[in-house]
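A.B. asks: okay, structure incoming, though there's no sequence with it:
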Ligand SMILES: COC(=O)c1ccnc(N)c1
């Protein structure tokens, strides 16, 4: 997968050199490229923002630098690149006014060959940038939750990490995304329950004996029960979705 990130703070993405994602980049699984939006400004001050039409507080990011940046970055991929010939990227714009980012959406994005992230700051990016981009590529406005950040960079880190760990080869065999909270299948709409490792007794706290029993069926049942308990306690609204989903399954006649 190729990922391009356009931002006025490229250094914000130093963490993408580390750990799982750093290893995936070194292994060629991920091709992440950072671009400084100011490279597409032409004035002495490298201006990227201006006052909003219609008045109001704050500043809005100007369309011209973004238009030139997206033309340069999201144009035709170089031959033999990770995105493949003729690939068209999906533009992801992190914004509080976007549609919710979920594990399911991360899975869908992880199946794309090429993502381009537009990191907005200030009061946002001139809306014509997304409208113009939509003429030649799919555009998704994505929110990672109901709160406002100073810029799209933190949200982009969250999205890139969530998506990248789902790519084949990124998680070692020992770690699997299958048991993750929210993962499709058995854990869909469920939170992961408690986890334990050695020692079996620590500060007079014991590991639940079932986990030491070697009875895999009993362990699976215990884990599902604990996941249901955790979900009921922390996210009861997910249980309703689970029940509706389960009911739909029970109603099926095929
Ligand atoms: C500037 O971007 C944000 O504030 C942002 C982006 C994505 N999700 C959010 N909840 C906020």
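C.D. replies: Looks like it came in fine. Computed from a predicted model, the values in this text were never measured in an experiment.
A.B. asks: output the below-cut-off pLDDT ranges for the protein.
C.D. replies: For the chain, applying pLDDT under 70 flags the ranges 76-79, 84, 173-175, 178-179, 246-254.
A.B. asks: check the gap between the most centrally placed residue in the chain and residue 15 for me.
C.D. replies: For the chain, residue 159 is the residue whose C-alpha lies nearest the centre (CA atoms, centre = their mean; 1.9 Å). Remark: distance between residue 159 and residue 15 (CB to CB, to the nearest Å) = 13 Å. C-beta here means a position set from N, CA and C on the backbone, and glycine is covered the same way.
A.B. asks: cool, and residue 131?
C.D. replies: 32 Å.
A.B. asks: so the residue nearest to the centre of the chain touches residue 143, yeah?
C.D. replies: No - with contacts counted by CB atoms under 8 Å, residue 159 stays clear of residue 143, the gap being 10.4 Å.
A.B. asks: now the common contact residues for these two.
C.D. replies: Jointly contacting residue 159 and residue 143 under the rule CB atoms under 8 Å, 6 or more residues apart in numbering are 94, 101.
A.B. asks: quick check: phi and psi at the spatially most distant residue from the centre of the chain.
C.D. replies: Each residue of the chain has a distance to the centre, and by CA atoms, centre = their mean the biggest one is for residue 204: 39.2 Å. Taking degrees, to the nearest 10, you get phi 60, psi 20 for the backbone angles of residue 204.
A.B. asks: and for residue 159 and residue 15, which residues touch both?
C.D. replies: When CB under 8 Å, 6+ apart defines a contact, no residue borders residue 159 and residue 15 alike.
A.B. asks: so which bits of the stretch 101-250 of the chain are right by the ligand?
C.D. replies: For the stretch 101-250 of the chain, the residues in contact with the ligand (CB under 6 Å from any ligand atom) are 120, 143, 144, 145, 147, 148, 149, 151, 152, 155.
A.B. asks: so which of those residues is the most crowded?
C.D. replies: Within those, residue 152 tops the neighbour count with 28 neighbours, counted by other CB atoms under 10 Å.
A.B. asks: how far away is that one from residue 229?
C.D. replies: Computed with CB to CB, the distance linking residue 152 and residue 229 is 36 Å.
A.B. asks: same check on residue 86?
C.D. replies: 50 Å.
A.B. asks: who has more neighbours, these two?
C.D. replies: Set residue 86 next to residue 229 and count neighbours by other CB under 10 Å: residue 229 wins out with 13 against 7.
A.B. asks: contact partners for that one?
C.D. replies: Listed by CB under 8 Å, 6+ apart, the contact partners of residue 229 are residue 193.
A.B. asks: residue 153 contacts residue 13, correct?
C.D. replies: Yes - under the criterion of CB under 8 Å, residue 153 makes contact with residue 13 at 7.2 Å.
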